[in-house]
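A.B. asks: okay, here's the prediction I keep looking at, along with the sequence it came from:
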Amino acid sequence: MYSSCNLLSTPALRSSFPLSSEESAAAPISGRCIKKQPSGVSVISKKLLCNNSRAISPYNFISHGKVCGSSMSAVLTDDNSTVVNMEEGTENIGLLSLDPGLEAYKDHFRYRVRRYADQKKLIEKHEGSLEEFSQGYLKFGFNREEGGIVYREWAPAAEEAQVIGDFNGWDGSGHKMVKNEFGVWSITIPDFSGNPAIQHNSRVKFRFKHSNGVWVDRIPAWITYATQDPTRFAAPYDGVYWDPPPSERYQFKHPRPPKPDSPRIYETHVGMSSSEPRINTYREFADDILPRIRANNYNTVQLMAVMEHSYYASFGYHVTNFFAVSSRSGTPEDLKYLIDKAHSLGLQVLMDVVHSHASNNITDGLNGFDVGQSSQDSYFHTGDRGYHKLWDSRVFNYANWEVLRFLLSNLRWWLDEFKFDGFRFDGVTSMLYHHHGINMGFTGNYSEYFSESTDVDAVVYMMLANNLIHSILPDATVIAEDVSGMPGLSRPVFEGGIGFDYRLAMAVPDKWIDYLKNKNDEEWSVGDISWSLTNRRYTEKCIAYAESHDQAIVGDKTIAFSLMDKEMYSGMSCLTKASPVIERGIALHKMIHFLTMALGGEGYLNFMGNEFGHPDWIDFPREGNGWSSDKCRRQWDLVDTDHLRFKFLNAFDRAMNLLDEKFKFLASAKQIVSSTDEVQKVIVFERGDLVFVFNFHPENTYEGYKVGCDLPGKYRVALDSDAWEFGGPGRVRTFVSHDVDHFTTPEGVPGVPETNFNNRPNSFKVLSPPRTCVVYNRVEEGVNEESSSKSAAAQVVEIENSKDELVKKLLVPLLHDDQPDD
């Protein structure tokens, strides 16, 4: 969300104390940029973090118009955020001991931890527990109870209310609702002749009168399905009562797969996943696209645009109906089918959840409940605080009791009802700060993160959300999209952190964009590239990516398109000799994605189609393009056509993932860059026990190139980007062979790094052709030589040769499942 609009680009910053380097993230705001954008973008130059001497006064924090003091009577002591009354225990907030630079801001952490503890205690006192509180969908919206349907809606600003729909001819005079002291309207609609009065899949709405005497019709806030008339252009949405009979209700057959050591995420958009210029369905995606994802050795699927959004071109980020599945691609039962099939293939499924703002659409969305009432009676803040000027959307009031119930229940709904395995929280930067990050250039100075600008209400909500998610589903994966780099974002709640498992390393794609747009090959600095990839807080895990959906939207360019531009349309045939542009493009596409994966974080993300260099940008149907879907699809035939070079990029993507599957290097804490040679343009590093050699020089081949390593022994090629299978000329295999043993030589005095070669106690020599990356694995003595020496490249060839058989194997169990006919 934050990469193509005008949030100031933030350089990644390295701190002056151990284990707290900060990658502050990267730039602007994307897929959401529908209207005006602020001007004056500038890139802040790098500077080192230091222990900031400016402490935040405990009296600087203001909540609900009251000045809050610094005393604190509760701290968090365990993974479930149990609260104990210990005044002196506030000095033991775990996050402060991990990063001494945060000590100057201990009053801020005390304040927000107390706010979290107090809010959690209030919920437990009045609702029983956080878990019970988060089951609001069992009370609000439409629910079957003994003898009828009960409908409840929180609308304190309404003076009268009715429920209307197909079931009563849209005449609510006979179905008036009653309001309680908390602003909740309710009605019980008795069954008729033993059958529900409201039929499954029939339309419903909430009609209410506000203070000026006007009656308005709105889609129920907790509705689980919403549709529009397909025969009418730009027709408004209707809420749909969804309660299928048992014979039509999807029953999950497969358990959730185990949580992977490191997520390798395939970011997808179901609607644009068809090869045809139309909106794809959940079931088609499940049957046609999921096997492709699994065949490429991803272990996690991230689904975009699941929550209903009336404006398709918003990429799903302007949500109108938070509990409803996007009806463009099918029904709730169809989405369950997709998730169940993903689980059967061993794929975790993450949902792109949007709690940072809501669509300003009054007719179809939650904003329709705002009729000018006070903030305490609304889902949103009033005035400027309730309006996001960059996104033209509404901002939640995270301190409101019913807003907390709504959002926390929304998370649980997707986990419990649809069996999602976690979330990617969108727009977290906007939530963290009152200024939403707009026109902010985060330099890494800690005072930018912990001040009056911090939205503590939103921070407390995210702490509650992460506590809830991990208590319900301990193996959940929760990722924050944050460009600011706030320390503690991805540390556990019990330490005083916000509780995410990972944050997106958003500075990385901006670094690649800068190099591709502004530097020729001779100007590429391997030291700068390496620094940008490794400059992060190593106590907080990151998901690295070279490009995502943000770089693919209209007006921008993917890496493949930046490298090869118009020649992608004419030069990708294997039947003709590759031009220098194509040769360079294919080589650098592989190197950029693999270096990002291997050095940039503890997980990896790729957007659908980028793995094989999909041409064109993404352009959703709109008036400006004649409502065409031609650029809102994925051309899978390109990678399936044997004589096109797209297959080489796809094969290398498969090999990258297979390498991690085999050696688990992403999960390894061992990451050592031993050499960044600016003259030779070579990066050498170790991740786990693998040794990586990246040669970015456009021309030079280095024979007998000496590389340092940790462990002595013999090494063999595990992956070679120059191999024929990946569209390379096969120079390493031709002149050396992948099966050749590279024996190490000891360097210097054992245990004295300064006497070693590049601070490594051992070394071996390799062949390094230009624009290649080669990975070497240590061959254990005494193990099966044949199996241990087989390179990832060789294994990919085997997979390629039997791709049809592999896909069949993946589909066989599903084809034999007895699926309900829904």
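C.D. replies: Alright, I've got the coordinates. A quick note: this is a predicted structure, and the numbers were derived from the prediction, not measured.
A.B. asks: Ala458 sits in which helix or strand?
C.D. replies: Per DSSP states H and E: Ala458 is located in helix 456-472.
A.B. asks: any buried residues in that helix, and which?
C.D. replies: Neighbour-count burial for helix 456-472 flags 456-471 (criterion: 16 or more other C-beta atoms under 10 Å). Quick note: C-beta positions are derived from backbone N, CA and C, even for glycine.
A.B. asks: show me the contact partners of it.
C.D. replies: Residues outside helix 456-472 that contact it (C-beta atoms under 8 Å, 6 or more residues apart in numbering) are 61, 63, 79-81, 111-112, 115-116, 119-120, 123, 130-131, 134, 355, 396-399, 404, 407-408, 411-412, 415-416, 422-423, 425, 428, 431-432, 476, 478, 493, 498-500.
A.B. asks: hmm, which of those residues are the buried ones?
C.D. replies: Buried residues within the contacts of helix 456-472, counting neighbours by 16+ other C-beta under 10 Å: 61, 81, 111-112, 115-116, 119-120, 123, 130, 134, 355, 396-399, 404, 407-408, 411-412, 415, 422-423, 425, 428, 431-432, 476, 478, 493, 498-500.
A.B. asks: secondary structure element holding Leu350?
C.D. replies: strand 348-353.
A.B. asks: what's the spacing between the helix or strand hosting Ser409 and its chain's center?
C.D. replies: In this assignment (DSSP H and E), Ser409 forms part of helix 401-418. Relative to its chain's centre, helix 401-418 lies at 19 Å (C-alpha atoms, centre = their mean, to the nearest Å).
A.B. asks: could you do stretch 176-186 as well?
C.D. replies: Taking C-alpha atoms, centre = their mean, the mean C-alpha location of stretch 176-186 is offset from the chain mean by 38 Å.
A.B. asks: using CSV, list the CA coordinates for that stretch.
C.D. replies: Provided in CSV are the C-alpha atoms of stretch 176-186 (Å, rounded to 0.1, in the frame of the first residue of the first chain):
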residue,chain,number,x,y,z
LYS,A,176,-39.5,-2.1,13.7
MET,A,177,-36.4,-2.5,15.9
VAL,A,178,-35.9,-1.7,19.6
LYS,A,179,-32.9,0.3,21.0
ASN,A,180,-31.1,-0.5,24.3
GLU,A,181,-29.1,1.9,26.5
PHE,A,182,-25.9,1.1,24.6
GLY,A,183,-27.3,2.2,21.2
VAL,A,184,-27.8,-1.4,19.9
TRP,A,185,-31.0,-1.9,17.9
SER,A,186,-32.5,-5.4,17.8
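A.B. asks: got the buried residues for it?
C.D. replies: Met177, Lys179, Gly183, Val184, Trp185, Ser186.
A.B. asks: tell me the contacts of the fourth one?
C.D. replies: Same thing as Val184. Residues near Val184 by C-beta under 8 Å, 6+ apart: Phe140, Arg152, Glu153, Trp154.
A.B. asks: how does it look with 7 Å?
C.D. replies: The contact partners of Val184, by C-beta atoms under 7 Å, 6 or more residues apart in numbering, come to Arg152, Trp154.
A.B. asks: cool, the second one as well?
C.D. replies: Counting by C-beta under 7 Å, 6+ apart, Lys179 touches Trp185.
A.B. asks: now with 8 Å, please.
C.D. replies: Lys179 sits next to Ala158, Ala161, Trp185 when contact means C-beta under 8 Å, 6+ apart.
A.B. asks: so of these, which ones are in helices?
C.D. replies: With helices taken from DSSP state H, there is no overlap with the contacts of Lys179.
A.B. asks: quick one: end-to-end distance for stretch 706-717.
C.D. replies: Stretch 706-717 has an end-to-end distance of 15 Å (criterion: C-alpha to C-alpha, to the nearest Å).
A.B. asks: could you pull out the strands in the stretch 151-300 of the chain for me?
C.D. replies: 160-165, 178-179, 184-190, 202-209, 215-218, 226-228, 237-241, 264-269, 300-304 (DSSP state E, counting those that start in this stretch).
A.B. asks: who touches the longest one?
C.D. replies: Counting by C-beta under 8 Å, 6+ apart, strand 202-209 makes contact with 142, 153, 155, 158-167, 172, 185, 198, 215-221, 223, 227, 238-241, all of which sit outside it.
A.B. asks: narrow those residues to those that are buried.
C.D. replies: Buried subset of the contacts of strand 202-209 (neighbour count, 16+ other C-beta under 10 Å): 142, 153, 155, 158, 161-165, 167, 172, 185, 198, 216-221, 223, 227, 238-241.
A.B. asks: who touches Leu595 in this structure?
C.D. replies: Ile529, Leu533, Ile683, Phe694, Cys773.
A.B. asks: about what we covered before: quick check: next helix or strand after the helix holding Ser409?
C.D. replies: Next element after helix 401-418 (DSSP H and E): strand 422-425.
A.B. asks: what's the average pLDDT for that next one?
C.D. replies: For strand 422-425, the mean pLDDT works out to 98.
A.B. asks: contacts for the helix or strand just after it next, please.
C.D. replies: Downstream of strand 422-425, the next assigned helix or strand under DSSP H and E is helix 428-432. Around helix 428-432, the neighbours that count as contacts under C-beta under 8 Å, 6+ apart are 2, 7, 25, 355-357, 388, 391, 395, 398, 436-437, 449, 454-455, 458-459, 461-462, 480-484, 486, 489, 500, 503.
A.B. asks: tell me what the strand holding Leu350 is packed against?
C.D. replies: Contacts defined by 3 or more C-beta pairs under 8 Å, 6 or more residues apart in numbering; DSSP states H and E place strand 348-353 against strand 300-304, helix 332-344, helix 401-418, strand 422-425, strand 477-480.
A.B. asks: show me how far that strand is from its chain's centre.
C.D. replies: With C-alpha atoms, centre = their mean, you get 8 Å for strand 348-353.
A.B. asks: and it, which strands flank it?
C.D. replies: Applying DSSP bridges, strand 348-353 is found paired with strand 300-304 (parallel), strand 422-425 (parallel).
A.B. asks: list the buried ones in stretch 672-685?
C.D. replies: Across stretch 672-685, burial judged by 16+ other C-beta under 10 Å covers Ile672, Val673, Ser674, Ser675, Thr676, Asp677, Gln680, Lys681, Val682, Ile683, Val684, Phe685.
A.B. asks: which of those residues fall in helices?
C.D. replies: Judged by DSSP H, helices contain none of these.
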